[in-house]
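In: Curious how this folds, go ahead:
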Amino acid sequence: MAPSPSSRRSSTTRSPGVLTSPVNYNYTGDGVDVFVKLDVGAWRPSATHYKAKGLGTTGLFVNGSFADGHTRDSEGYMAQVTYKFGPVKLGVNCGDSKLDSANSTDAGFNPGLVESNKKGTIGAYWSLTKNLTLLAEASRTKSEAQAGGSNQSNTFNIGAFVGF
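Out: Just a heads-up that it's a prediction; the model follows:
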């Protein structure tokens with residue numbers, strides 16, 4: 001039986017510049033996601049969307065709540081389209097994952113707390129064999145913090161994928 005997305009956490013109450021004793025609290029995390037994929041000839045479009053409360057970001061229950069037990073809402077999407085001709089596949093995808101502040105003071109406690117992670121990628125993939133694919137991808141990412149700071153990067157990757 002899979003564990004329920006509920007959590008009993010021990011955390012620390014925070015005031016700007018002050019760390020106090022642990023506080024126990026309970027909260028329940030809930031979420032839903034929808035995924036659609038089509039195969040239309042050589043085209044393969046797909047999309048997913050999720051919406052959650054208290055489930056966090058990066059991992060289950062990671063920053064899903066704050067020390068006072070207020071849960072954080074999250075929502076995001078990813079859309080992708082690929083086209084394959086012979087051993088070559090071309091693709092493009094984009095996505096955004098957003099995590100709301102649990103209350104008006106979250107950004108003051110941790111100004112680096114994530115608000116949004118966005119990424120877009122274009123790629124070319126060449127299947128040399130059933131299990132070996134060469135690839136080239138270019139991506140642009142941007143992360144924004146609750147307090148307004150941001151970080152972005154542009155990357156280009158060349159590599160190989162071995163499946164087994």
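
In: can you tell me the helix or strand for T48?
Out: strand 43-53 (DSSP states H and E).

In: Next, the buried residues of that strand.
Out: R44, A47, Y50, K51, A52, K53 (16 or more other CB atoms under 10 Å). Every residue, glycine included, has its C-beta placed from N, CA and C.

In: do the same with stretch 83-101
Out: For stretch 83-101, a neighbour-count test (16+ other CB under 10 Å) marks K89, G91, N93, C94, G95, S97, K98, L99, S101 as buried.

In: re the thing from before, what packs against the strand holding T48?
Out: strand 30-37, strand 73-85 (3 or more CB pairs under 8 Å, 6 or more residues apart in numbering; DSSP states H and E).

In: quick revisit: kindly reformat the buried residues of strand 43-53 as TSV containing distance to Y125 and pLDDT.
Out: Formatted as TSV, the buried residues of strand 43-53 follow (distance: CB to CB, whole Å; pLDDT from 0 to 100):
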residue	distance to Y125	pLDDT
R44	12	97
A47	20	98
Y50	26	93
K51	31	92
A52	31	87
K53	37	83
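
In: out of those residues, who's nearest E75?
Out: Nearest to E75 among these is K51, at 4.8 Å by CB to CB.

In: which residues does the closest one contact?
Out: Listed by CB atoms under 8 Å, 6 or more residues apart in numbering, the contact set of K51 reads G31, V32, D33, D73, S74, E75.

In: partner residues bridging the third one?
Out: With beta bridges defined as DSSP bridges, D33 has these partners: Y50.

In: Lovely, talk soon.
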